[in-house]
Structure formats: C-alpha cells, structure tokens
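> The sequence isn't on hand, but the structure is:
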C-alpha cells in the first residue's frame, strides 16, 4: 500500500474542525476509497487554546500558515482561512512552489488569483482543488472540470448565494419587504452584520467568475462580471412574477454570445416550471446548458460547515488518489482572456414595472416609446389597487397606478433608451423597475 | 505532448455515431482538456454500409467486437452495443485482460457483471468507466465514485426511467389512464413495443443496483432489488396525491437500514416541495443524502443519443487524462456482499386507497384493523363522487366509495396484515391500492 497522504490544515474554524473530524471518523472508508490512508499531521490556527470539539492530540502546530506550507512533512496543504489576500495567498503560493497539492474553499482568492495559482500548480505538478469554493457540497467544479469534457457549453447559470435566495423566498412566501427579510436573515445568522457582500451580488459574482472560467476555458476575471443586487426588489415584483408564471431569483449567468462571454449577476425572472425556480431558502443550484443536450441542474447546500467540509474532503481524496486535473480544466496557456461584455448589448426579455400618473395617457405614451425602440410587448397589465376603477388619493388627485410590461427579446440599450424617454415625458412617478428574464 | 489516446468503438448506433462525430468536432477542445489528442482508430458494427451521417474514412473496420478488443492498436475500448451478454461481455473482458481501458454505456451488463469486470480492470490496470449507464449526461457516477469520497451516504434515490416519468407526468396533468399514456409514449418513441422492461421497473432496478454499489461500497446485485412497476397506478391516485401534497414517481431507492441495504423500485409518493417531485416528463434525477448534509440532487436528461454520447466522451476524456478511479469507488476486495432486504421489514408511511362497500361500517372496520397492527392514521378521506352524500347505483344498491388513508411510519408487514384482515371482513371491493411514501 502507498504511504498515507500527509495533510496540513491552515484554519481551524467550523470547516477546518469538521475536516479534521471527518478524516478521523471516516478514516477507514476514506483509505478504502483512496487506496491509501489520509492523515492530518500538522495544523495552524490563530488560537491554540480555542475549544473546537475535535481531538488534535498528536497533530503538530505550525508557527503560521506559511511555515505549514513550507513544512516538508506535508504532501497536501489545505487552506481554510479565507480572504482574497494574505496570509492565505503567500501560503498557497509557497505550498505550490514546493510541489505540494493545495485544497482550498476560498472563492475570493480563486476568483482573484486563480489563473496565477493554476500556473504555479501546473509548473510544479501539484493539484489545485477548490470544489468547496462554489456551491459547497454540490459537485459543480468537478462536473465542469472533468464531467463534461467533450461537451461544448453554451451557458451556465445558478443560484449561488443562500442569503439572497433565503430573502427572496421569504419575500415571496410572506409578502414581506426586502428590509424585513434581511433583518430576519441576520437574526438567524444567514446574513452578515454588513450584508452588502451577499445582497449586492459580489459573492455571487466571485463564484460565477470561477464557473465561467471552467465552462468556457477563459481566465477567471471577476472584474468582467456585471453586478446588480436584490435590494431594489419589492413584494409587488414577486406578486407580479407569480401571476405571470415566473419567480425572481438572484442569478449568476455566464453565456456565450456573439460579442464574447457575457457574465452577469442580477435579479432574474425565471419560468416557474424550470428546475432553478424550484430552489428555495438557502439552497443553491447550478444549471449547465451543454451543446445539443437538455440542461443539467445540480441542487444542494451551498454553504455550512458540514457541506463545505464534504467538498474539501472530496478534493483531498482526489489528491490522495493521484487525480490531477488542470485547475481550470485546460492547461493555463490555453485559457483565453475575457473582457467585460457590454450590458448595453445584452439581449433578452424584460419585466418592467412603472407607476403611471394616470392610466389612459400613460399606456399610450409607454407603447409609443417602446415602439420607437422596436421593442415588442408580450403582455401589459395595468392594475388598480383593490380593483378600484380610478383610485383617488386623499387630495382628490388620481393615485399612481402600477403598469407591468413583459417585453419580447430586445437589447438592454433599447430598454434603457425607451424608459429614459418615458421618464422625460413625465407620465410616471419614481424610477422604473426593470428585471431581466432568463428563459430555460 | 503525450501520444493521442487511440479509441476503438464497438457499436455504431445513434450513440456510437454521435461519439465519433463529437470526437471529430470537439477534437481541439478535447485535446486541450486532456493534454493529449483523442482519435478513433477502429470501429466495429453489424453493417458497414448503413448511413450514419458521420465521416468514417481513415477509420479501420474490425472483423467483430472481440477482434477490436484484441487489436493492439487501440488503448481504449468503447462498448456501445448494449445487452447484458454476448458479444459485449467477451469483448469487454478481452479488452480489460489486454490492459486496455473500457468505456461502456451498458447498464444491463454493469448491473449483471459489474463486480467481475471491475476485478479484471483492477488486476490489469485499465479503467472501467460507465457514466452513461445511469442517467446519461447527469454526472451521477462520477459524483458517487469520486465527488463524495469523504461523506458517508445514508440514502440514494431517483427517477431513473424517462418512460415511466413521462407516463406519470401525462397521467397527472391530463387525468388520463396508464394505458392511454403508454400508447402515446409508444407512438412518440419514448416506450418500446414491449414496454415491460421500462414500466415494470426492471430498467430502474438495474440502474439502482449500480448506484447502490457506489453509494454503499457493496457488490452490484440486481437480484437484491425489490421491484414493482407503475401499471397499477390510476388517475385517482394521482388526484389524491395532489390533494394531499404529494406526487407519484417511480423511484429507485437504496437506503442503509438496520437490516442492511434496502434496494427497492416502486411507485412512490414524494412531497410536492421536494426537488425530485419537480422532475417532469422524460427528465431523470438522483438525490443523494449524505451524512450530516442536506440532500444533493442532480437533474438532467437520462437518455437520448447526444446526452449519452456526452457521458461517454467524459469517460473517454478521463481515460485520456490518466484518471483511474476504482470502478465502484473502492478496491474490489473491499466491496461487501448484499442480500435482498426483506420488504416485510420496510418502514415508512403508506398511502392506501380502498373502495368501501358502504361508508359507515367500513371506516370503523378499517380503523379497527389498522389499530390491531398498531398503525397510526395521519389522515383519512372518504369521498363521495361529485359530493353526493350516499351515491346509489342503477340497481338501487350503494356504489362503492373511495376511502383514502395516509399512515404514519409503520412496517410493510403490518400494512399487509391489516389489509388482508379488511379484505376478509368483506367491507371493500377489489384490491386495496398501496403506495409507499418517501419523505425528504
């Protein structure tokens, strides 16, 4: 039997401790699967004293992550500290330069430095595995990297942030506002005290950049992702979506277009019948559209200590078995560079909600402005609250009335121009709400 | 660069021809992903003259599959003939004995001879890859074999037969009978002229046996699977399921129980909110319950030339890249033997539909008989057709009235005994309908 794989773990938070526990408890099954043992020989973490509920006796403590990465005793460096910069970056670089394999759950780091780290891994012969960085236990990295090797991919999209999906699910089910649901999510520990990274779409963007690289053979480029968050979504949008046969999800979408790879994160209307529309609460999902085959959707827990540790362990097992896939599915020299596809050129259907000052004139004006931009309307709904025919506010003037439009495929530029003109016409109040539609 | 992988393909039906076409059209992308070229050097098929729409010039024709498997020119033998016996079996054995890697889409063969072939592959160092055998392009084999290496699995279940799911979907949506939908499925080419293999659950059983082996580290044993088909399902069962918050799916379920690994295929009530319940038409899906983590569900096309070819190509790419996972995830000597878990001991909730001769007496009798077996009733619905209070048939006697029961978890044995007693009591007409409930 081959000598056991000697693992060093940097970072002993929830995930790190769970990985130690699993290697201990699943030791026999794991060695049967890998054809060799897997042993944690050294760790590093900020506090040696902290209670972690796992047995660390017999495991060496490294002075710091870098010392661990340079320790000749370890074959595989597992980085579970997080953060797109130091000390994770230098430690991973050192491990790779030493020819060690690296396993990490760090999406921020892979999104920012992935290509450079992949080049190091390739040069020195180690693996660079990061299944846990996107969708935790959902095997989406492996599927894109190895599983669809012979299938051209046209589009990959998904619900990649549990916090946003939880908030949208609550808003839809209970008719609550974004702010109320965010507060609940924070109370339950699903959202951070500073929720911007999640709800403004940046977490989704990092994960999408990684998926796009694997799907399209491009260098990871987070700055090429167009990003919009969910804070503008109102309960009335979710009600309208429901009536029109859609649900609203924060999607990350990467798609091959004539003007290059479009990468975008934004609230999206998806048909209620699609697999992705069924994904509720904190669950994540990724759909892959391969050339000539129906979509494949992977659904599961996108976060959590146990789910993340499960993916980390699968990555460690691949290292133990000697499986070495190119970190981004192709040799680094084959990866193409992407630029940010201009959203102005994005083509698709749109949901538009406007508050009309008075109905008769407004509908005609909107129709005219859309027609000027050659936008065809699939449906238009003008709704008086509570069925009143001409609602009147307390000052005797008509109250604004919502007008909801669904357009056929058009360009983002056309929509923006038409709505700008409608605003200039002063027939609506407030800003128009615009949500892109993604067909399956 | 390493020399190209030389592939021989036995069987040039829809899938085989598509594999040849993909290797041709995706050649450059494939070689970038594999770090080496992939080339079809020889084929074998019954008719050399048949039009296949692919360019076979420059490819050698072997005399027969066995000759192809013995051809020293090829590194990887791709078996796409099908059938659980000859000539596929001998050809695969010969290829493995020659130290070649084998890729096959043949579920029947893997379900029947999988362990023996895996032992040959292990002994001679070749790969034995069969991603296409279950769920076509859905990467379920790879996920179970490599992706969840460190996670203990408690249960794996899925919709593994598109024909059955198509029939059940149509029955549910349109209120049609099984026979009508089967006829349509045959007309559309979704069902064979002899549909028994699909609708009686045998196709699902073969696939389930393979998944169970990977999930639980056991030898594939198709004869350990309890099998029931969908032909007894009536539109009224689907209506009742709908009202009770369930859908009926033909599931293959493999689950770790105290009495061993239970493997069973039968119509199953699944909660409407579960991922698996959303899977409609010919789509397939597999859910994996890992220890301590929420379920992972993989959804996609379970059949079709392009989807199957996609999986075959992914397997070929793994061979080209030198990835060698143990065929069933563990060395053959570690695989345990399973026996058929007795269904009498199966525990779960049950849906029971009876036709009561007259209501007042029947409900009391049924309740008594269930109580005798210590079965608790979650709900009981007695329904008069069209809301009539006491329907009367043309001969002036009361018509039988459906009584629908949902039980809490109990054993199969208790249910069978209680229903036997109810039948003896002569308070119902016909045979009781029983559908097992699978909770998520």
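Yep, it's here. Just so you know, these numbers come straight off a predicted model, no measurement behind them.
> Let me see the contact set for residue A:344.
Residues in contact with residue A:344 (CB atoms under 8 Å, 6 or more residues apart in numbering or on different chains) are A:411, A:412, A:413, A:416. C-beta: built from backbone N, CA, C; applies to glycine.
> Same question for residue A:232.
A:178, A:267, A:433.
> Do you know the pLDDT at the first one?
Per-residue confidence for residue A:178 comes out at a pLDDT of 97.
> Get me the contact residues on the stretch 1-150 of chain A for chain B.
A:22-23, A:26, A:29-30, A:32-35, A:131, A:137-139, A:142-143, A:146-150 (CB under 8 Å from any CB of the partner chain).
> One more pass at 6 Å, please.
A:22, A:26, A:30, A:32-33, A:137-139, A:142-143, A:147, A:149-150 (CB under 6 Å from any CB of the partner chain).
> Just the ones of those in helices?
A:22, A:30, A:32, A:33, A:142 (DSSP state H).
> Export the residues of the stretch 1-150 of chain A next to chain B to JSON lines and append columns for neighbour count and pLDDT.
Shown next, in JSON lines, are those (neighbours: other CB atoms under 10 Å in any protein chain shown; pLDDT from 0 to 100):
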{"residue": "A:22", "neighbour count": "24", "pLDDT": "94"}
{"residue": "A:26", "neighbour count": "20", "pLDDT": "89"}
{"residue": "A:30", "neighbour count": "23", "pLDDT": "91"}
{"residue": "A:32", "neighbour count": "19", "pLDDT": "89"}
{"residue": "A:33", "neighbour count": "26", "pLDDT": "90"}
{"residue": "A:137", "neighbour count": "31", "pLDDT": "94"}
{"residue": "A:138", "neighbour count": "30", "pLDDT": "96"}
{"residue": "A:139", "neighbour count": "29", "pLDDT": "96"}
{"residue": "A:142", "neighbour count": "23", "pLDDT": "96"}
{"residue": "A:143", "neighbour count": "23", "pLDDT": "96"}
{"residue": "A:147", "neighbour count": "30", "pLDDT": "88"}
{"residue": "A:149", "neighbour count": "26", "pLDDT": "84"}
{"residue": "A:150", "neighbour count": "27", "pLDDT": "83"}
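> Of the contacts of residue A:344, just the buried ones, ChimeraX syntax please.
Buried members of the contacts of residue A:344, defined by 16 or more other CB atoms under 10 Å in any protein chain shown, are picked up in ChimeraX with:
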select /A:411,412
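> which one of the contacts of residue A:344 is nearest residue A:14?
Comparing the contacts of residue A:344 against residue A:14 with CB to CB places residue A:412 closest, at 40.6 Å.
> residues touching the closest one, list them.
Contact partners of residue A:412, counting by CB atoms under 6 Å, 6 or more residues apart in numbering or on different chains, are A:343, A:344, A:346.
> can you tell me which residues contact the first one?
Put plainly, it is residue A:343. With CB under 6 Å, 6+ apart, residue A:343 has these contacts: A:226, A:412.
> for the last one, same thing?
Contacts for residue A:346 (CB under 6 Å, 6+ apart) come out as residue A:412.
> That one and residue A:230, how far apart?
Distance, residue A:346 to residue A:230, using CB to CB, to the nearest Å: 18 Å.
> Need the phi and psi values for the residue in the stretch 51-200 of chain A positioned nearest to chain B.
At 2.7 Å from chain B, residue A:150 is the closest residue in the stretch 51-200 of chain A, using CB to the nearest CB. Here is the backbone geometry of residue A:150 (degrees, to the nearest 10): phi -100, psi 10.
> so what's it closest to, chain neighbours aside?
residue B:313 (2.7 Å; CB to CB, 6 or more residues apart in numbering or on different chains).
> And for residue A:48?
Leaving aside its chain neighbours, residue A:48 sits nearest to residue A:61 (6.0 Å; criterion: CB to CB, 6+ apart).
> which residues does the one you found bridge with?
residue A:43 (DSSP bridges).
> and it, what pLDDT?
Residue A:61 is given a pLDDT of 96.
> and it, how many residues sit next to it?
13 (other CB atoms under 10 Å in any protein chain shown).
> Which parts of chain A are helices?
A:14-25, A:27-34, A:65-70, A:88-97, A:107-124, A:140-142, A:162-174, A:178-187, A:196-199, A:202-216, A:235-244, A:305-321, A:359-372, A:412-424.
> What residues does the stretch 151-300 of chain A have near chain B?
Residues of the stretch 151-300 of chain A lying near chain B (CB under 6 Å from any CB): A:151, A:275, A:278, A:292, A:293, A:294, A:296, A:297, A:298, A:299, A:300.
> among the residues you listed, which ones are buried?
Of these, these count as buried by 16+ other CB under 10 Å: A:151, A:275, A:278, A:292, A:293, A:294, A:296, A:297, A:298, A:299, A:300.
> ok, the fifth one to residue A:208 distance?
Using CB to CB, residue A:293 is found at 22 Å from residue A:208.
> so which of the contacts of residue A:232 is the most crowded?
Busiest of those [other CB under 10 Å] is residue A:267, holding 24 neighbours.
> my guess is that residue contacts residue A:231, does it?
No - Residue A:267 is not in contact with residue A:231 according to CB atoms under 6 Å; the separation is 9.5 Å.
> still on that earlier bit, out of the contacts of residue A:344, who's nearest residue A:8?
residue A:412 (47.9 Å).
> Identify the residue nearest the closest one in space, chain neighbours excluded?
Counting by CB to CB, 6+ apart, the residue nearest residue A:412 is residue A:346, at 4.3 Å.
> how near is the one you found to residue B:127?
43 Å.
> ok so, going back, is it possible to get CSV of the contacts of residue A:344 that adds pLDDT?
Shown next, in CSV, are the contacts of residue A:344 (pLDDT from 0 to 100):
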residue, pLDDT
A:411, 95
A:412, 95
A:413, 95
A:416, 96
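> Dump the contacts of residue A:344 to CSV, plus distance to residue A:93.
Converted to CSV, these look like this (distance: CB to CB, whole Å):
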residue, distance to residue A:93
A:411, 43
A:412, 40
A:413, 42
A:416, 43
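> ok, how many other residues are close to the closest residue to residue A:99 other than its chain neighbours?
Once flanking residues are discounted, residue A:99 sits nearest to residue A:124: 4.6 Å by CB to CB, 6+ apart. For residue A:124, the neighbour count with other CB under 10 Å is 14.
> before we move on, what about residue A:320?
Neighbour tally, residue A:320, other CB under 10 Å: 24.
> ok, it touching residue A:38?
Yes - under the criterion of CB under 6 Å, residue A:320 makes contact with residue A:38 at 5.4 Å.
> joint contacts of these two?
Common neighbours of residue A:320 and residue A:38 (CB under 6 Å, 6+ apart) are residue A:5.
> next one: stretch A:155-173 to chain centre, how far?
10 Å (CA atoms, centre = their mean, to the nearest Å).
> One more: stretch A:112-132?
Distance, centroid of stretch A:112-132 to centroid of chain: 20 Å (CA atoms, centre = their mean).
> Stretch A:136-155 now?
15 Å.
> how long is that stretch from one end to the other?
Taking CA to CA, to the nearest Å, the first and last residues of stretch A:136-155 lie 21 Å apart.
> outside of it, which residues touch it?
Under CB under 6 Å, 6+ apart, the answer for stretch A:136-155 is A:131, A:134, A:214-215, A:255-256, A:286, A:289-291, A:298, A:300-303, A:307-308, A:310-311, A:325, A:329, B:22, B:26, B:30, B:33, B:139, B:142-143, B:147, B:293, B:296, B:310, B:313-314, B:317.
> count of residues packed around the closest residue to residue A:198 other than its chain neighbours?
Closest residue in space to residue A:198, ignoring its immediate chain neighbours: residue A:163 at 4.1 Å, by CB to CB, 6+ apart. For residue A:163, the neighbour count with other CB under 10 Å is 24.
> Could you report the distance from residue A:163 to residue A:283?
12 Å.
> buried ones in stretch A:126-143?
A:126-143.
> Among the residues you listed, name the ones in strands.
Judged by DSSP state E, the buried residues of stretch A:126-143 include A:128, A:129 as members of strands.
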